[in-house]
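Trainee: Quick one: sequence and predicted model below, then my questions.
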Amino acid sequence: MRFKSLDLNLLVALDAMLAHRSISRAAEAVFLTQSGMSGALSRLRAYFDDELLIQVGRNLELTPLAESIAKPVREVLMSIESQIVSRPTFDPATDDHIYRIMVSELTLILLMPAVTQRIALEAPNIRLHVLSQQDRPLDALERGELDLLVLPEQVASANHPSEKLYEENYDCLVWTGNTSIGETLLFEEYLDAGHISVEFGPNRVAAFDGWFLEQHGVNRRVELICTSLIAPPVLVVGTQRIATVHRRLANLAAQYLPVRVLKAPMKIPALNQMVQWHKNRDSHPALVWLRKVLVEEAAKL
């Protein structure tokens with residue numbers, strides 16, 4: 001099919017090449033031979049009168065034009081997929097598609113066991129890919145690489161719909177052998193103690209509690225930094241340090257580890273965990289059902 005002399009089949013190839021920045025990986029993604037993908041690139045270059053992808057060292061980089069059209073091309077294809085190609089109905093008992101959900105470690109531990117158990121009962125043929133949160137999860141959502149994304153409200157995109165799953169508050173954890181902290185944690189004790197902090201990615205972005213405390217002038221003496229939300233309860237054992245963690249995680253850790261849960265001596269706002277999806281898939285029947293499962297199971301937390 002052609003639209004203003006453009007073979008619309010080439011849009012699929014173009015989208016794959018712009019996303020993967022590799023002829024071979026793009027060919028594999030859309031089930032073309034490498035020579036077929038190279039031919040598609042030649043035709044696209046002729047149509048746009050632009051190189052689109054240029055060799056820089058060992059890598060392929062996008063030209064300015066390619067950068068500018070990458071998002072529109074992806075959105076057009078997603079719109080076609082959701083409104084024209086996708087099945088108009090969804091039956092969880094018989095559906096056998098793969099759905100990709102990206103979640104944090106916290107949601108993986110607290111919510112996903114109940115979600116996956118329910119799906120196994122009600123939609124036994126569905127296959128889930130539960131992905132770990134990466135540095136730029138919203139980019140993956142924009143590219144259509146995810147069906148659902150669970151993330152804090154503060155970093156959710158304003159460009160796509162979302163729904164609240166659950167609210168998470170904060171408590172403090174100390175080792176049961178901690179001799180410097182009593183039954184009540186005072187603010188002065190909190191400041192005097194050594195702390196375990198969580199940071200994410202190469203830019204060392206602080207977890208919400210650390211970011212909030214820094215923004216309000218609470219300077220902790222951080223003695224240990226890790227990159228996992230679920231690591232602090234383990235790492236606090238055997239030390240005189242404090243870990244400020246999500247309340248449900250703290251209570252879960254106290255069931256298995258020699259730690260005590262203490263009320264934080266300052267008010268830290270609750271963190272809302274949201275489920276988000278691409279605006280072009282707002283009415284996709286399978287995703288509507290999956291969102292419903294997530295919301296209903298989250299309400300039981």
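Mentor: Thanks, I have it. Residues are numbered from 1 along each chain as shown.
Trainee: burial measure for residue 66, as a count.
Mentor: Using other Cβ atoms under 10 Å, residue 66 has 22 other residues around it. All C-beta spots, glycine's among them, are computed from the backbone N, C-alpha and C.
Trainee: right, and it touches residue 44 too?
Mentor: No. Look at residue 66 against residue 44 with Cβ atoms under 8 Å: they stay out of range, at 9.5 Å.
Trainee: quick one, helices of this protein?
Mentor: Assigned by DSSP state H, the helices in the chain fall at 9-20, 23-29, 34-48, 64-80, 105-110, 112-122, 137-142, 187-192, 208-215, 232-235, 247-256, 285-298.
Trainee: and residue 266, which of those helices is closest to it?
Mentor: helix 187-192 (6.2 Å; Cβ to Cβ).
Trainee: which parts of the closest one are buried?
Mentor: Within helix 187-192, the residues that count as buried by 16 or more other Cβ atoms under 10 Å are 189-190.
Trainee: How about stretch 224-238?
Mentor: Buried-residue list, stretch 224-238, by 16+ other Cβ under 10 Å: 224, 226, 229-237.
Trainee: biggest separation within those residues, which pair?
Mentor: Greatest spacing in the buried residues of stretch 224-238, by Cβ to Cβ: 229 and 237 (16.5 Å).
Trainee: still on that earlier bit, between the buried residues of stretch 224-238, which is closest to residue 151?
Mentor: Once Cβ to Cβ is applied, the member of these that ends up nearest residue 151 is residue 229, at 12.6 Å.
Trainee: that older thread, select from the helices of the chain the stretch with the lowest mean pLDDT.
Mentor: Comparing mean pLDDT across the helices of the chain, the weakest is helix 208-215, with a mean of 70.
Trainee: Same list (the buried residues of stretch 224-238) but as a markdown table, adding distance to residue 57.
Mentor: A markdown table is the format used below for these (distance: Cβ to Cβ, whole Å):
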| residue | distance to residue 57 |
| --- | --- |
| 224 | 38 |
| 226 | 34 |
| 229 | 36 |
| 230 | 38 |
| 231 | 37 |
| 232 | 40 |
| 233 | 44 |
| 234 | 42 |
| 235 | 40 |
| 236 | 45 |
| 237 | 47 |
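Trainee: Residue 34: which of those is nearest?
Mentor: Lowest distance from residue 34 to these (Cβ to Cβ) belongs to residue 229, with 40.8 Å.
Trainee: Count the neighbours of the closest residue to the closest one other than its chain neighbours for me.
Mentor: Leaving aside its sequence neighbours, residue 229 sits nearest to residue 105 (Cβ to Cβ, 6 or more residues apart in numbering; 4.7 Å). When neighbours are counted by other Cβ under 10 Å, residue 105 registers 15.
Trainee: what do you get for residue 265?
Mentor: 14.
Trainee: got it, and the one 3 residues further on?
Mentor: Neighbours of residue 268 under the rule other Cβ under 10 Å: 16.
Trainee: Run through the residues that contact it.
Mentor: 169-170, 209, 212-213, 244 (Cβ atoms under 8 Å, 6 or more residues apart in numbering).
Trainee: how close does it get to residue 170?
Mentor: Using Cβ to Cβ, to the nearest Å, residue 268 is found at 4 Å from residue 170.
Trainee: what's near enough to touch residue 14?
Mentor: 40, 44, 52, 69, 73.
Trainee: same thing but 10 Å
Mentor: Residue 14 sits next to 6, 26, 40-41, 43-44, 47-48, 52-53, 66, 69-70, 73-74, 77 when contact means Cβ atoms under 10 Å, 6 or more residues apart in numbering.
Trainee: likewise residue 249?
Mentor: For residue 249, counting by Cβ under 10 Å, 6+ apart, the contacting residues are 105-106, 109-110, 168, 170-171, 173, 229-230, 232-233, 243.
Trainee: before we move on, the earlier item: most neighbours among the contacts of residue 268, please name it.
Mentor: Result: residue 244 is most packed of those (other Cβ under 10 Å), 25 neighbours.
Trainee: For that residue, name its beta-bridge partners.
Mentor: residue 172 (DSSP bridges).
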